[in-house]
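Q: What follows is a predicted protein model with its sequence.
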Amino acid sequence: MGRIARFLKAGKYTERVGAGTPVYLSDVLEYLAAEVHVKDRNPETPHGGFYCLEGDPLKIDQVLTAIGIFFMCSIAVGMGAITKRMTTIEEMVGMDVLCSDKTRTLTLNKLTIFARVDVDTVVLMAMRASIVENKDAIDTAIVGTLADPKEAWAGIQEVHFLPFNPIDKRTALAYIHSEDKMHRVSKVAPKQILNIAHNKSEIEQRVHAVIDKFAQTFFV
């Protein structure tokens with residue numbers, strides 16, 4: 001809505017309808033569209049034709065932008081789809097492409113673990129790179145597989161925890177195990193795990209094949 005607010009202010013539309021009078025977006029669109037037509041009328045053309053594009057293209061752009069936002073907002077409000085969490089907006093910043101069949105997390109907000117490898121090891125490592133208190137969909141799916149989540153941290157000493165951020169979408173933990181060896185575990189999208197893997201060149205083709213397979217069914 002920032003762009004609409006800017007051209008409302010620049011056009012002084014609140015002053016034109018009278019100070020203190022409520023301004024409705026639909027009224028502004030109607031007024032703005034009419035203003036474009038009136039100002040761009042060329043009396044010398046046959047039938048008093050209009051040359052809107054030759055007048056002020058900025059107003060044309062403003063009208064189209066406002067109409068699009070108006071209808072999108074109207075539909076979103078009617079369907080109750082207006083986001084109420086700032087984290088949702090922040091996560092959109094890191095999104096390249098959204099592929100979804102409108103199931104799973106969009107409706108149930110639930111996830112399951114693909115058990116192609118040793119599930120116990122995956123859960124253990126994922127738990128160590130999670131914050132139980134957050135209770136988000138991914139962490140909830142992981143925590144739900146252990147009878148006692150505290151088991152994941154038994155016998156380790158935390159050195160550093162990298163919290164989740166909406167750009168990298170990654171959490172990581174550096175810790176020392178009982179044998180005094182340093183370990184690092186990270187929970188992130190598959191392609192980012194691949195980028196930090198020491199044997200990337202050896203496993204890259206297989207990893208992308210699995211990602212593509214799941215992407216076809218909207219699991220990635």
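A: Sure thing, it's come through. Residues are numbered from 1 along each chain as shown.

Q: what's around residue 204, how many residues?
A: For residue 204, the count of nearby residues is 14 (other CB atoms under 10 Å). (C-beta placed from N, C-alpha, C; glycine too.)

Q: Next up, the contacts around it.
A: Shown in contact with residue 204 (CB atoms under 8 Å, 6 or more residues apart in numbering): residue 194.

Q: Make sure it is indeed in a strand.
A: No: according to DSSP: H, G, I helix; E, B strand; the rest coil, residue 204 belongs to no strand; its state is helix.

Q: quick one: the nearest residue to residue 182 once chain neighbours are set aside from residue 170, how far?
A: Nearest non-adjacent residue to residue 182, counting by CB to CB, 6 or more residues apart in numbering: residue 176, 5.9 Å away. Distance check for residue 176 against residue 170: by CB to CB, to the nearest Å, it reads 21 Å.

Q: higher neighbour count, those two?
A: Between residue 176 and residue 170, counting by other CB under 10 Å, residue 170 is the more crowded of the two (17 against 14).

Q: Can you check the pLDDT for that one?
A: The score at residue 170 is 83. That number is its pLDDT.

Q: quick one: it and residue 151, what's the gap?
A: If you go by CB to CB, the gap between residue 170 and residue 151 works out to 24 Å.

Q: how about stretch 201-220: buried residues?
A: 207, 211 (16 or more other CB atoms under 10 Å).
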